[in-house]
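>>> Predicted model and sequence follow; I will ask about them next.
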Amino acid sequence: MKISRRLTTFAAATAAVALVATGCSKSDDNATPAPTSTSTSVESSVSAPETSAPDTSAPDTSAPDTSAPDTSASGEAPTGTVEKASKDFKIAYVPKLQGVPYFEAMNKGGAKAATDLGITWLYQGPTAADASAQADVVRSFIQQKVDALFVAPNDPDSMAPVLQEAATAGIKVGTADTDAPDSVREVFVNQASEQAIGEGLTDALAKAMGEKGSYAIVSCGETAANLNAWIAVQKEYAASKYPDMKLIDVVYAGEDQAKATAMATDLMNANPDLTGLVGECTSSAPGVAEAVRNADKIGTVFTVGLGTPQSMKPYLLDGSSSASILWNVENLGYLTAWAGVQLAEGKEFAATNYVNADLPAVEYDATNKQLLLGPALQITKENVDQFDY
């Protein structure tokens with residue numbers, strides 16, 4: 001897939017700027033898992049020729065994509081090319097749920113990294129957003145003796161002892177997309193800062209609502225650390241910057257788009273003056289927009305959310321969604337695979353890391369052991385076609 005690399009940094013202070021972004025995911029009910037109970041893992045083992053930076057960037061990418069940063073992951077001067085792994089490491093990733101577009105896009109990015117880096121990428125998740133089922137998948141990778149294991153925990157607390165099992169078995173452990181901060185994970189591959197995402201969602205909704213009125217949030221898992229962190233930012237930020245906007249409720253639909261639609265419908269019925277809805281994840285973002293469309297309230301009730309591009313496209317085009325705040329999901333998968341190689345190699349992360357031409361300066365915060373993909377991005381009807389997932 002060729003994705004425009006001209007991504008404009010999302011400014012938290014304004015939601016009016018059109019930024020390069022991604023769209024929304026389809027319903028989990030409509031997701032098509034692999035035929036096995038936990039779905040088939042995707043492997044990429046490579047002996048491809050060395051990949052240069054231009055080969056990993058989109059053809060229309062200009063100077064910013066081909067320039068090298070001042071520091072590489074090892075702290076040495078960057079070469080502008082992707083550095084191959086010293087051996088064919090097995091890097092595994094366990095998403096919250098397999099079969100939804102968001103995590104499939106992460107998988108695609110991880111598989112691309114496997115080709116570039118010369119490693120094997122293993123991807124498998126539960127077919128339902130269930131913590132115990134996810135733990136079973138993690139234990140299967142422990143038995144396979146992978147070199148590095150990354151998880152997006154459905155429940156960080158219950159996942160922590162399972163990650164300890166992996167570490168005890170000599171496996172390097174990390175989290176990606178969702179953190180388990182109180183675990184033994186050695187790095188968290190984070191999408192964007194909590195502040196940027198929370199403020200981005202709030203600014204986009206405030207613009208659509210005219211900075212006044214009541215709104216509600218339809219989130220997914222009640223224990224998801226990233227979703228809860230974003231909601232905390234939204235509450236504080238809206239209270240200080242948009243005092244005429246009132247958050248009336250936060251509800252949880254799990255990773256279920258149909259349930260999100262039903263909950264959003266109930267919220268509108270119970271609160272006739274409601275003028276805003278936030279879909280806090282890639283299943284609830286299209287879910288709340290669908291509810292507004294079904295209720296024939298486009299232009300009366302406004303929605304924003306976190307969604308992947310092509311499944312958000314119809315809602316952005318008809319106005320049932322005003323904007324989606326996200327990040328480059330494939331790049332997040334790529335960065336996860338790259339981070340796994342660094343752990344397996346025993347390398348330290350630098351303050352600024354050259355990953356590839358599209359990720360030339362990934363920042364690392366040693367205080368909380370986080371790699372940050374980059375700024376949040378805003379998806380609108382004007383730029384949604386720049387991404388094809």
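Thanks, I have the structure now.

>>> Sketch out the low-pLDDT regions of the stretch 51-200 of the chain for me.
Along the stretch 51-200 of the chain, segments meeting pLDDT under 70 span 51-80.

>>> hey, where'd the strands end up in it?
Secondary structure of the stretch 51-200 of the chain (DSSP state E, counting those that start in this stretch): strands located at 90-94, 120-123, 148-151, 172-176, 188-190.

>>> The ones you listed into TSV, with extra columns for mean neighbour count and distance to residue 245?
For the C-beta atoms, the positions are set from N, CA and C on the backbone; glycine is no exception. Formatted as TSV, those follow (neighbours: other CB atoms under 10 Å; distance: least, CB to CB, whole Å):
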stretch	mean neighbour count	distance to residue 245
strand 90-94	28	37
strand 120-123	24	40
strand 148-151	29	35
strand 172-176	27	32
strand 188-190	26	27
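
>>> In CSV, list those along with distance to residue 368.
Formatted as CSV, those follow (distance: least, CB to CB, whole Å):
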stretch, distance to residue 368
strand 90-94, 21
strand 120-123, 26
strand 148-151, 16
strand 172-176, 12
strand 188-190, 7
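
>>> mind listing the helices for the stretch 101-250 of the chain?
101-117, 131-143, 156-168, 194-209, 225-241 (DSSP state H, counting those that start in this stretch).

>>> so what's residue 198 up against?
By CB atoms under 8 Å, 6 or more residues apart in numbering, the contact list for residue 198 reads 229, 230, 231, 232, 233, 234, 237.

>>> Out of the helices of the stretch 101-250 of the chain, which gets nearest to residue 294?
Taking CB to CB, helix 194-209 is the member of the helices of the stretch 101-250 of the chain nearest to residue 294, at 18.6 Å.

>>> which parts of the closest one are buried?
194, 196-209 (16 or more other CB atoms under 10 Å).

>>> so how far is residue 217 from the closest residue to residue 327 other than its chain neighbours?
Using CB to CB, 6 or more residues apart in numbering and skipping the chain neighbours, the partner closest in space to residue 327 is residue 191 (4.6 Å). To residue 217, residue 191 is 18 Å away according to CB to CB, to the nearest Å.

>>> Wait, residue 105 touches residue 330, no?
Yes: using CB atoms under 8 Å, residue 105 is in contact with residue 330, at 5.2 Å.

>>> Which residues are in contact with each of these two?
By CB under 8 Å, 6+ apart, the residues touching both residue 105 and residue 330 are residue 389.

>>> Residue 109: what's it in contact with?
Contacts for residue 109 (CB under 8 Å, 6+ apart) come out as 329, 330, 331, 332, 333, 334, 335, 336, 337.

>>> Now restrict those residues to buried residues only.
Neighbour-count burial (16+ other CB under 10 Å) applied to the contacts of residue 109 gives 329, 330, 331, 332, 333, 334, 335, 336, 337.

>>> hang on, the last one packs against residue 121?
Right, the one you point to is residue 337. Yes: between residue 337 and residue 121 there is a contact under CB under 8 Å: 5.6 Å.

>>> Find residues that contact each of these two.
91, 93, 110, 113, 114.

>>> Out of the residues you listed, which comes closest to residue 135?
Each of the shared contacts of residue 337 and residue 121 was scored against residue 135 by CB to CB, and residue 93 proved nearest at 14.9 Å.

>>> Contact partners for residue 288?
The contact partners of residue 288, taken as CB under 8 Å, 6+ apart, are 218, 260, 261, 264, 277, 278, 279, 303, 305, 321.

>>> what's the helix or strand encompassing the fifth one packed up against?
Element membership for residue 277 (DSSP states H and E) is strand 274-279. In this structure, strand 274-279 packs against helix 194-209, strand 213-219, helix 257-270, helix 284-294, strand 302-305, with contacts taken as 3 or more CB pairs under 8 Å, 6 or more residues apart in numbering; DSSP states H and E.

>>> Between the ones you listed, which one is closest to residue 160.
Nearest of the helices and strands packed on strand 274-279 (CB to CB): helix 194-209, 20.1 Å.

>>> And that closest one, how far out from the chain middle?
Centroid displacement of helix 194-209 relative to its chain, using CA atoms, centre = their mean, to the nearest Å, is 17 Å.

>>> And for stretch 141-153?
So, by CA atoms, centre = their mean, the centroid of stretch 141-153 is 19 Å from its chain's centroid.

>>> what do you get for stretch 151-159?
Worked out by CA atoms, centre = their mean, stretch 151-159 lies 15 Å from the chain centre.

>>> Would you mind listing the buried residues in it?
Applying a neighbour-count criterion of 16+ other CB under 10 Å, one finds 151, 152, 153, 154, 155, 156, 159 buried in stretch 151-159.

>>> shouldn't residue 278 be in contact with residue 304?
Yes: between residue 278 and residue 304 there is a contact under CB under 8 Å: 5.9 Å.

>>> which of those two has more neighbours?
Per other CB atoms under 10 Å, whichever of residue 278 and residue 304 has more neighbours is residue 304, with 31 against 28.

>>> any idea how far that one is from residue 345?
Going from residue 304 to residue 345 by CB to CB gives 40 Å.
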